[in-house]
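Engineer: I would like to see how this sequence folds:
(chains A and B)
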There are 2 protein chains.
Amino acid sequence: MSKINLKNLASELELSISTVSKALRDSYEIGHDTKKRVLEKAKELGYRANPYARYMRHHKSKTIAIVIPEMVNSFFLQVINGAESIAREKDYHLLIYITHEDAQKEISIINHLQNGRVDGIIMSLSSTVKDYSHLTECINNNIPIIFFDRICHEIETVKITTDDFTSGFIATEHLIQNGCRNIAYLSISENLSIDNKRMQGYIEALTKYDIGFDKSKIIKCNTDDKSNYRQIKKLLTGPAKIDGIFSSIEKFALTTYNVCRDLKIKIPEEIKIICFSNLLTADFLNPSLTTITQPANEMGATAASQLFKYLDKKRMEIPNENIIIKSKLMARGSTVA
Amino acid sequence: MSKINLKNLASELELSISTVSKALRDSYEIGHDTKKRVLEKAKELGYRANPYARYMRHHKSKTIAIVIPEMVNSFFLQVINGAESIAREKDYHLLIYITHEDAQKEISIINHLQNGRVDGIIMSLSSTVKDYSHLTECINNNIPIIFFDRICHEIETVKITTDDFTSGFIATEHLIQNGCRNIAYLSISENLSIDNKRMQGYIEALTKYDIGFDKSKIIKCNTDDKSNYRQIKKLLTGPAKIDGIFSSIEKFALTTYNVCRDLKIKIPEEIKIICFSNLLTADFLNPSLTTITQPANEMGATAASQLFKYLDKKRMEIPNENIIIKSKLMARGSTVA
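Structural biologist: Residues are numbered from 1 along each chain as shown, chains lettered A, B, ... in the order given. Reported below is the predicted structural model:
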């Protein structure tokens, strides 16, 4: 079969087109077993809904969802603020879901959202997700997903990020230009594209300045604050003589502040710290925190606007497009004496 | 008519009970004009839905809403986190709405939520709301509302607050015990019960320590950061010789930090600052910020749990009850040298 369409799919299943279509839309008229059979066959044959059919359908829930990995983080807050402003403008409701960095929770939330509950989703991946089939299924089920920040390269849709590679490079170069030679990178998760890109920027900057890249200086942090504290303490008391920290997210930078205070390590005299962060209090920290500040509000608003271009039927299909909005280096007391 | 019930209401309107009931539930079977007529008459006669009837109805949306005045605030964040954890447990969706402290937006959101979109609401009032009829209408329309933090005394429901009066007293006493005599109070809005109670605690502490209460030391801040900055600057350069600031919310305390930095006023040597705040970075500010830390997560979880007691039909009606969860004074560098 050259290209699988609804007709082929129905014929393979020996069901009527109408039944298959309803099953794919999770209609209450179709029984659970039939739905399951249809979905499995659709997956097996790689069936994707016809974009024209999608375009023709009505968006009735007047609701979009935002799915984020955590709540207590200044970046996601500002993203929600941006997305909410656009949703309000469009007279849409905004549902909020938090995966707590848990792949199982993310899968259950995405499955939950496929019964006409929402017209579309904007989301940032959980750091523990390795398989993306729940996301492709959701899109095949006619619920479009737009990614921001932690995106999924494998899925064809609009992805909104900041210039993570360049920012990672600039952050590391900033540390080097301020005298650091032994720079550690605090990684959030090797599963995440943003983490990879920030780290590649870090490695690229080290290379440019002829500083050898040492894998032992990549510290894999996680959601357990105590374990992160122990790891960073071990790093700072170890033989590597770390004089610079580039943290992929703000939480680990704050943990580093904690460790430095407890070990009486002076920032920025003995160690310099930079991180990706949208903390409104960065300026007031002791010392004030040098940040790569992301255009968080704009990223949220852009993600929502891109979704509405499709929901408002100004666009037939969501293009496979990367939208990159630049971050800004805000040099403050944690890197500059 | 001694007590208005559905039957009386229907007879007044010369409509069938079924039509009136459907109109009150915003059924699609009833035309707009009829609905309007029914709602107006119900309001005029002070009709309230029968609690037993309410108890019997089905909660079908499996969704609750949280309505908050602003997003970029550590307190509301943690409340959402708490509410979300309970909603997830109950397999419910959580819609989030931000009023941006705008009474008109609050009214439009609450009206929006009355078409079966949600089973119930937990909310904190916007600071500019003066009339509560949109809220009573919503409750009469069978969508229960539970208040937290910024509550509405006039409405009979569960209200979850912290011990605002006592905390206001403790905060002010803490400043006095650390040597302050000219203490200003930064008020968020005289419309809000929390603000009144915090201020009453402030006045009570002044009285206990024989410090005269001076109305000019109550500074009415608002949502305009620049205007707040100017007001606080004027206060700190004025004749009052302010040596202590008690801020009703964290935003104004951060603005005070800004003013002090610009005017080179030393905290805590020349001025001491305390505020209600749940900032995770309070410890890392320069100087670290003394806070009245509210049990935000617990308040959100309690608000949601109280709502579910009713939605799960463990309870026939929502009682008129004040639940008070205590805050904690966290003494830090901004008040203690």
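Engineer: For chain B, what's the nearest residue on the stretch 201-337 of chain A?
Structural biologist: Using CB to the nearest CB, the single residue of the stretch 201-337 of chain A nearest to chain B is residue A:286, 3.4 Å away. For the C-beta atoms, the positions are set from N, CA and C on the backbone; glycine is no exception.
Engineer: wait, what's in contact with that residue?
Structural biologist: With CB atoms under 8 Å, 6 or more residues apart in numbering or on different chains as the criterion, the residues that contact residue A:286 are B:284, B:285, B:286, B:287, B:288.
Engineer: Out of the residues you listed, the closest to chain A would be?
Structural biologist: Using CB to the nearest CB, those come closest to chain A at residue B:286, 3.4 Å.
Engineer: What are the phi and psi values at that closest one?
Structural biologist: Listed backbone geometry of residue B:286 is phi -120, psi 100, with angles given as degrees, to the nearest 10.
Engineer: Show me the domain layout of chain A.
Structural biologist: Taking automatic domain parsing as the reference, chain A has its domains at A:6-47, A:60-161+A:296-325, A:164-294.
Engineer: end-to-end on the longest one?
Structural biologist: According to CA to CA, to the nearest Å, domain A:60-161+A:296-325 extends 31 Å from its N-terminal end residue to its C-terminal end residue.
Engineer: immediately after the worst-scoring helix or strand of chain A on mean pLDDT, which helix or strand?
Structural biologist: Taking mean pLDDT, DSSP states H and E as the measure, chain A has helix A:51-56 as its least confident helix or strand, at a mean of 42. Next in sequence after helix A:51-56, counting helices and strands by DSSP states H and E, comes strand A:63-68.
Engineer: Helices of chain A, start to end?
Structural biologist: For chain A, the helices defined by DSSP state H cover A:6-13, A:17-24, A:32-45, A:51-56, A:74-89, A:103-112, A:133-140, A:164-177, A:193-208, A:225-237, A:250-263, A:296-311.
Engineer: and the angle for the fifth one with helix A:296-311?
Structural biologist: Relative orientation of helix A:74-89 with respect to helix A:296-311: 40 degrees, computed using axes from the mean of the first three to the mean of the last three CA atoms, to 10 degrees.
Engineer: ok, residue A:71 to residue B:80 distance?
Structural biologist: The gap separating residue A:71 from residue B:80 is 6 Å, by CB to CB, to the nearest Å.
Engineer: do residue A:67 as well
Structural biologist: Here residue A:67 is placed at a distance of 14 Å from residue B:80 (CB to CB).
Engineer: same check, this time on residue A:333
Structural biologist: Between residue A:333 and residue B:80 the distance is 31 Å, computed by CB to CB.
Engineer: One more: residue A:97?
Structural biologist: Counting by CB to CB - residue A:97 and residue B:80 are separated by 11 Å.
Engineer: And residue A:311, by the same measure?
Structural biologist: Residue A:311 sits 25 Å away from residue B:80, taking CB to CB as the criterion.
Engineer: More neighbours: those two, which one.
Structural biologist: Between residue A:311 and residue B:80, counted using other CB atoms under 10 Å in any protein chain shown, residue B:80 has the larger neighbour count: 26 against 19.
Engineer: Which one of the domains of chain A lies nearest to residue B:329?
Structural biologist: When the domains of chain A are ranked by proximity to residue B:329, the top entry is domain A:164-294, at 20.0 Å, counting by CB to CB.
Engineer: Quick one: distance of the closest one to the chain centre.
Structural biologist: 20 Å (CA atoms, centre = their mean, to the nearest Å).
Engineer: Run a quick neighbour tally on the residue nearest to residue A:116 when sequence neighbours are not counted.
Structural biologist: Nearest in space to residue A:116, with sequence neighbours left out and distances taken as CB to CB, 6 or more residues apart in numbering or on different chains, is residue A:61 at 6.0 Å. The local packing count at residue A:61 equals 19, with neighbours defined by other CB under 10 Å.
Engineer: what does the model give residue A:61 for pLDDT?
Structural biologist: On the pLDDT scale, residue A:61 is placed at 80.
Engineer: for residue A:25, same thing?
Structural biologist: According to the model's per-residue confidence, residue A:25 sits at a pLDDT of 72.
Engineer: Spatially nearest residue to it, not counting backbone neighbours?
Structural biologist: Distances taken as CB to CB, 6+ apart place residue A:142 nearest to residue A:25, at 6.7 Å, with adjacent residues excluded.
Engineer: Would you agree the one you found is in contact with residue A:60?
Structural biologist: No: Residue A:142 lies out of contact with residue A:60 (CB atoms under 8 Å); the separation is 11.9 Å.
Engineer: between these two, who's got more neighbours?
Structural biologist: For residue A:142 against residue A:60, the residue with the higher neighbour count under other CB under 10 Å is residue A:142, and the figures read 18 against 8.
Engineer: Next one: that one relative to residue A:136, how far apart?
Structural biologist: To residue A:136, residue A:142 is 12 Å away according to CB to CB.
Engineer: same deal with residue A:164?
Structural biologist: From residue A:164 across to residue A:136, the span is 23 Å (CB to CB).
Engineer: of all the residues in chain A, which ones are close to chain B?
Structural biologist: Counting by CB under 8 Å from any CB of the partner chain, the residues of chain A lying close to chain B are A:63, A:71-72, A:74, A:77-78, A:80-81, A:84, A:88, A:93-98, A:105, A:112, A:117, A:254, A:257, A:279-281, A:284-288.
Engineer: of those, buried ones?
Structural biologist: When those are checked for burial by 16 or more other CB atoms under 10 Å in any protein chain shown, the buried set is A:63, A:71-72, A:74, A:77-78, A:80-81, A:84, A:88, A:93-98, A:105, A:117, A:254, A:257, A:279-281, A:284-288.
Engineer: next one: phi and psi at residue A:317?
Structural biologist: Torsion angles at residue A:317 (phi, psi; degrees, to the nearest 10) stand at phi -140, psi 160.
Engineer: how many neighbours does it have?
Structural biologist: Around residue A:317 sit 13 other residues, with neighbours defined as other CB under 10 Å.
Engineer: Does it touch residue A:309 like I think?
Structural biologist: No: in this structure residue A:317 lies outside contact range of residue A:309 using CB under 8 Å: 10.4 Å.
Engineer: OK, now which residue of the stretch 101-250 of chain A is nearest to chain B?
Structural biologist: Residue nearest to chain B within the stretch 101-250 of chain A: residue A:117 (6.9 Å; CB to the nearest CB).
Engineer: Spatially central residue for chain A, please.
Structural biologist: Most central in chain A under CA atoms, centre = their mean is residue A:150, positioned 1.8 Å from the mean C-alpha point.
Engineer: quick one: contacts for that residue?
Structural biologist: Contact partners of residue A:150, counting by CB under 8 Å, 6+ apart, are A:69, A:124, A:125, A:126, A:127, A:192, A:193, A:194.
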